[in-house]
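Chemist: Here is my input, please return the structure:
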Amino acid sequence: MATKQMEESWQRTKEHIRKIWGDALMDHELESVRGDLQAMIALVHRKTGQSRSEILQKLEAIL
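Modeler: Here you go, the predicted structure:
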């Protein structure tokens, strides 16, 4: 369900992601995982070192 919501409201989702993780993620990286929650979690984890569960909680809060 979260993946579908992430795709449907992509611009809003992307803005929230930028507020949370700032410059750690480039636009082209975000576009490459657009609509794929697991890929988004993996990307943020790889770039920031945050735990996957913490990333998931933050993403679920904005979806």
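Chemist: And stretch 33-41, end to end?
Modeler: Terminal residues of stretch 33-41 are spaced 9 Å apart (C-alpha to C-alpha, to the nearest Å).
Chemist: Would you report the backbone torsion angles of the residue lying closest to I62 once chain neighbours are set aside?
Modeler: Closest residue to I62 apart from its sequence neighbours, by C-beta to C-beta, 6 or more residues apart in numbering: H16 at 4.1 Å. For the C-beta atoms, the positions are set from N, CA and C on the backbone; glycine is no exception. Backbone torsions for H16, taken as degrees, to the nearest 10, come to phi -70, psi -40.
Chemist: Distance-wise, check H16 relative to W10.
Modeler: 11 Å (C-beta to C-beta, to the nearest Å).
Chemist: sorry, back to before: per-residue pLDDT, the residue nearest to I62?
Modeler: Per-residue confidence (pLDDT) for H16: 93.
Chemist: what do you get for E31?
Modeler: pLDDT, read off for E31, is 93.
Chemist: how about whatever helix or strand it lives in: buried residues?
Modeler: E31 belongs to helix 27-32 when elements are defined using DSSP states H and E. For helix 27-32, the buried set under the neighbour-count rule, 16 or more other C-beta atoms under 10 Å, comprises L30.
Chemist: and that helix, what does it pack onto?
Modeler: Using 3 or more C-beta pairs under 8 Å, 6 or more residues apart in numbering; DSSP states H and E as the contact test, the elements touching helix 27-32 are helix 37-48.
Chemist: Any buried residues in the helix it packs on, and which?
Modeler: Buried positions in helix 37-48, judged by neighbour count with 16+ other C-beta under 10 Å: 37, 40-41, 43-44.
Chemist: Quick check: next helix or strand after that helix?
Modeler: From helix 37-48, the next helix or strand downstream (DSSP H and E) is helix 52-62.
Chemist: and that following helix, what other elements does it pack with?
Modeler: Contact partners of helix 52-62 among helices and strands, from 3+ C-beta pairs under 8 Å, 6+ apart: helix 2-8, helix 10-21, helix 37-48.
Chemist: Could you measure from the residue nearest the centre of the chain over to L30?
Modeler: In the chain, the residue lying closest to the centroid (C-alpha atoms, centre = their mean) is M40, at 4.6 Å. According to C-beta to C-beta, M40 and L30 sit 8 Å apart.
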